[in-house]
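# Structure, please.
(chains A, B and C)
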Amino acid sequence: MKYLGIEPQKPKIAVFDFTGCEGCQLQLLNKEETLADFLSAVEIVCFREASSLCSDDYDIAIVEGAVSRNDEVKRLEKIRETAKVVVALGSCACFGGVNRLKNEFDLKAANKEVYGKDPKETINVRPVKDIIPVDIEIPGCPVSKAEVESLICHVVWDSPFQLPVYPVCVECKQRFTTCLFDIGQMCLGPITRAGCNAPCPAGGIGCWGCRGPAVEPNYKSFFAIVKEKGFSDIELKERLNFFGAFGEVNVS
Amino acid sequence: MLFKTIKKQDFFDVFLPDTQCIGPKKVGTNTNGKPIYQFLPFSSFDEIDLDYDTTEYSAKTYFLPYKETLSSFSFKDNDWTQEIKYRTRPRVIIGLHPCDINGLIKLDKVFEKTLFPNPYYITRRQNTFVVGIDCKEPCDGGFCSSVGANTVTHGFDLFLTDIGDRYFVKIGSDRAFNALQKIKTSEITKKDNEIYLQIRNKFEGSFEKTVHVENLPNLLDIEFESDVWRKWGEKCLSCGACAMVCPTCYCYGVTEHISMDFNKSDKIKQLYSCNLNDFAQVAGGHNFRPEPATRLKYRYYHQHRGFVESFGQPMCVGCNRCGRVCLAGINPTDVISDLQREQKR
Amino acid sequence: MKKIMQSYDIRHETDMVEPLDFNRRSRLKDVDRCFKAEITNVIRLTDMEKLFQIRMVNDKDWERFTFLPGQFVMLELPGYGEIPISFSSSPSIRSTIELCIRKAGKVTQALHKAKRGAIVGLRGPFGTYFPMEPMKGNNILLIAGGLGLAPLRAPISFVIENRADFKEVHILYGAKDPSQLLFDYQYEEWHRIDDINLEVIVEQPDKSWIGPVGLITKLLDDIQITPDETYAIVCGPPIMFKFVCKRLSEMGVPMQRMFVSLERRMHCGVGKCCRCNIGSTYTCLDGPVFDFWTVMNLKEAI
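Here you go, the predicted model:
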């Protein structure tokens, strides 16, 4: 495709992993039917899961995972200096993710609990945007490959890249899922950003909010509904904190 | 209109198995122990229950799918070609209640009998054989009788009313007439008419909820700045569930998606909701309806004023699906009576 | 096995195989078919706006394509999206159509990168138009603020071409600062036409600016009109036409003789998607041109 007289860019992309499960990186290599096209659309110069080579010459840095050590802070700063565009990939990079649960505990005690007599250097878990400016965020645990592909089209063709502003409810309804509140479960769908195609509610599991808040969610009304349905503040808080995506929302 | 009666077991012989059939299937039970029904494809009549009260979703998705590809562009040498397909397959939908059929009649007005007829909709409508059935009793919160949507005279192929061991059948199209040639039917007797009218009268008399919609176009103008909107707007989650389950809401958005090999781009239509945050946002970021309250108000305004202005009747068919699906408990009966109370104060 | 449904294909309907008329009213047609058009020239107007000269690739299509001042087309950039744009050129020019486009959203950003020779798609023309014929024999005020000159340029061209049919002609244009003035190369031409009054005003002058300074309404102070014989076309941001129309109203011009063009996001252009609804009025079908009385009665219009 050469179109509008615009020459396509073949951007150099580097993928970096920080604190996380590397599931989002694996997701980059998912979807076999378009994988070959995906890999030939860009020049991957650094991606541990696909190639052992690594170069410092790249335009776009895709950062997966949260920051939980001081050396990671320095690494991120270096990446920001090199890359033209920094993309935070996945819930850990965007919000801190499940790792952020660590922040609820005393750091020393947590370290001892996990590593015993051999403690490791550690700091409170922070999302990438707390350390360096981030240009594009793709939330999700894991991210959706469709959104990654849309990102690639965006960097190659400058075509629109936009996350849905609406909540998960829309996608549940569009695939005939019965509302989980109707069958007695809690679900963060009404305040969580759509784009995942609502697989969890369709499988009978209420949304845990891995994609973070939709645009201008109505927390006040939603929390009142959750309580009215008989769920406790503790249950609600636990869910909101799980991916760390809702920050310090006051549930009462 | 032609009428017949058919023995129940004879009736089902007509359809299966060569056409895709859609009907009300039980998909679960809610926390109150009530069954949840949805219109879904079925392969045996044992799977559906024509005595259902109401479905969670309306049947509009079989005419206006939530997502459809309007056209595809293929790129070559700085040029492109556009391909448009009206994808369709013949279908039979069995068990639509009068509210759903009235919803289709309203959609016909928007998509078929209009300045710019929409081939995507028309193809699906023409290729769908609609079998309606009368409700046995009013559903939870339904107020179809208030908006004149509790009966239908057209918009279907066949319409059934349960009169004991037989169906009282209205024939609405020639293809339905032809289909019935293949099975045993009986002519209507005077007795049948009596039973039918008796059942219908009993049903009409059993509505508890009444919503007065006659004065709404005027009232909505007068109460445009009313606090009622703020009150309900504060509850609204802006989740769009109401529009998704509504039999008549048809607003949509169009986006384009370039394929990963960069050779193709699809123009995809997705049903949207005027309650969603960016519905009225324009290029450059300005949003004409930034608050949930103004968006909620717009939805009522479109249903009960704008549509009346264009087509002489409200868009709402009184099925109360939006009221049941809304987690925040926003339902048309309460919102409208709140407005009317405001007026009287 | 009894088959009751035969597949029914609307493409076999006679309407569908007839040649297309462009705006496809009341006919069952391919509503989503774009007509291929080539960008023949790109003219930079300011840092934010460019003027695109476009013509249909197929000569047969081109012969049948006509529009009226005030109408719009849906401009398709395959892969990027489709946007509504008002015509900026005279309907009588048969060589090209001209669209003045500001870099505002994602589609227009891509369009601004497009080069001469790029192939885009057009659907239309759609919408209502300025009633130029009934205006003949009267004075006419053509008033624009900012980007409003883009849609106003079509009726301006019409009036200039049919100068004999109008009495007094005033063209009033206001912008924030001189760098944002559109079509500045044309003012000289309009100035030189005998008996056309052109006034340009800016809010924030730079050092070289010698014209009047202030808001557009200021230009109305010096104009004497006979309200009964005057029509006005006002294009610009809502806040601007609200004040201008209020002022004209005070001068005695009836609201039904003032015409404005409204802008909304549209996804279909044919009264289906509801994105452009104001209250419950479709901007694409009942507009974009409205008389000011109608606008006053539309909720949320301004």
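# now the helices for the stretch 101-250 of chain C?
Across the stretch 101-250 of chain C, reading from the start of the chain, the helices by DSSP state H, counting those that start in this stretch fall at C:106-113, C:132-135, C:149-161, C:184-192, C:217-220, C:238-250.
# Relative to the whole chain's centre, how far out is the fourth one?
Taking CA atoms, centre = their mean, to the nearest Å, the mean C-alpha location of helix C:184-192 is offset from the chain mean by 20 Å.
# circling back: now the helices of the stretch 101-250 of chain C as CSV including mean neighbour count and distance to A:Asp106?
(Each C-beta comes from the backbone N, C-alpha and C, glycine too.) Putting those into CSV (neighbours: other CB atoms under 10 Å in any protein chain shown; distance: least, CB to CB, whole Å) gives the following:
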stretch, mean neighbour count, distance to A:Asp106
helix C:106-113, 19, 47
helix C:132-135, 16, 78
helix C:149-161, 24, 63
helix C:184-192, 12, 68
helix C:217-220, 19, 66
helix C:238-250, 19, 56
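# For chain B, find the nearest of the ones you listed.
Of all the helices of the stretch 101-250 of chain C, helix C:106-113 sits nearest to chain B, with 6.7 Å by CB to the nearest CB.
# now for the closest one, which elements pack on it?
Counting contacts by 3 or more CB pairs under 8 Å, 6 or more residues apart in numbering or on different chains; DSSP states H and E, helix C:106-113 packs against strand C:72-77, strand C:81-86, strand C:97-102.
# now do 10 Å
Contact partners of helix C:106-113 among helices and strands, from 3 or more CB pairs under 10 Å, 6 or more residues apart in numbering or on different chains; DSSP states H and E: helix A:145-157, strand C:35-44, strand C:49-56, strand C:72-77, strand C:81-86, strand C:97-102.
# Need the helices of the stretch 101-250 of chain C in a markdown table (columns: mean pLDDT and distance to B:Ala283).
Below are the helices of the stretch 101-250 of chain C laid out as a markdown table (pLDDT from 0 to 100; distance: least, CB to CB, whole Å):
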| stretch | mean pLDDT | distance to B:Ala283 |
| --- | --- | --- |
| helix C:106-113 | 89 | 7 |
| helix C:132-135 | 91 | 28 |
| helix C:149-161 | 93 | 14 |
| helix C:184-192 | 87 | 24 |
| helix C:217-220 | 88 | 27 |
| helix C:238-250 | 89 | 15 |
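# Show me the one of those helices that comes nearest B:Asn215.
Checking the helices of the stretch 101-250 of chain C against B:Asn215 by CB to CB gives helix C:238-250 as the closest, at 30.7 Å.
# Check which helices and strands the helix or strand that the closest one is followed by is in contact with.
Moving toward the C-terminus from helix C:238-250, the first helix or strand encountered (DSSP states H and E) is strand C:258-261. Contacts defined by 3+ CB pairs under 10 Å, 6+ apart place strand C:258-261 against strand C:139-145, helix C:149-161, strand C:230-235, helix C:238-250, strand C:289-291, helix C:292-297.
# can you tell me which residues contact A:Phe95?
A:Phe95 makes contacts with A:66, A:88, A:125-129, A:137, A:139, A:141, A:209-213, A:243-247, as judged by CB atoms under 10 Å, 6 or more residues apart in numbering or on different chains.
# run the last query once more with 7 Å
A:Phe95 makes contacts with A:127, A:212, A:243-245, as judged by CB atoms under 7 Å, 6 or more residues apart in numbering or on different chains.
# Can I get stretch C:250-266 in PDB, CA atoms only?
Below are the C-alpha coordinates for stretch C:250-266, written out as PDB (Å, rounded to 0.1, in the frame of the first residue of the first chain):
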ATOM      1  CA  GLU C 250     -31.900  44.600  16.100                       C
ATOM      2  CA  MET C 251     -31.300  46.200  12.800                       C
ATOM      3  CA  GLY C 252     -34.600  44.800  11.700                       C
ATOM      4  CA  VAL C 253     -33.700  41.900   9.500                       C
ATOM      5  CA  PRO C 254     -36.300  39.100   9.900                       C
ATOM      6  CA  MET C 255     -34.700  35.900  11.400                       C
ATOM      7  CA  GLN C 256     -36.100  33.800   8.500                       C
ATOM      8  CA  ARG C 257     -33.900  35.800   6.100                       C
ATOM      9  CA  MET C 258     -30.700  35.100   8.000                       C
ATOM     10  CA  PHE C 259     -29.100  31.800   7.100                       C
ATOM     11  CA  VAL C 260     -26.400  30.000   9.000                       C
ATOM     12  CA  SER C 261     -24.500  26.800   8.400                       C
ATOM     13  CA  LEU C 262     -24.000  24.400  11.300                       C
ATOM     14  CA  GLU C 263     -21.200  21.900  11.800                       C
ATOM     15  CA  ARG C 264     -21.500  18.500  13.500                       C
ATOM     16  CA  ARG C 265     -19.600  15.200  13.300                       C
ATOM     17  CA  MET C 266     -21.300  12.900  10.800                       C
END
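# can you pull the pLDDT of A:Met1?
A:Met1 is assigned a pLDDT of 61 by the prediction.
# again but with C:Asp21, I slipped
pLDDT, the model's per-residue confidence, is 72 for C:Asp21.
# What ranges in chain C fall below the confidence cut-off?
Along chain C, segments meeting pLDDT under 70 span C:1-4, C:14-15, C:17-20, C:26, C:301-302.
# Per the annotation, how does it divide into domains?
By the record's domain assignment, chain C is partitioned as C:10-18+C:30-125, C:132-297 (automatic domain parsing).
# How about chain B?
With automatic domain parsing as the reference, chain B has domains B:2-204, B:216-344.
# and the ones you listed, which is most packed in?
Scoring the domains of chain B by mean neighbour count under mean count of other CB atoms under 10 Å in any protein chain shown gives domain B:216-344 as the most buried, with a mean of 20.
# and that one, does that touch chain C?
Yes. Using CB under 7 Å from any CB of the partner chain, we find that domain B:216-344 touches chain C at B:224, B:251-254, B:256, B:258, B:265, B:274, B:279, B:281-284, B:288, B:301-302, B:305-306, B:309.
# Are we agreed that B:Trp80 is in a strand?
Yes. Under the criterion used here (DSSP: H, G, I helix; E, B strand; the rest coil), B:Trp80 sits inside a strand.
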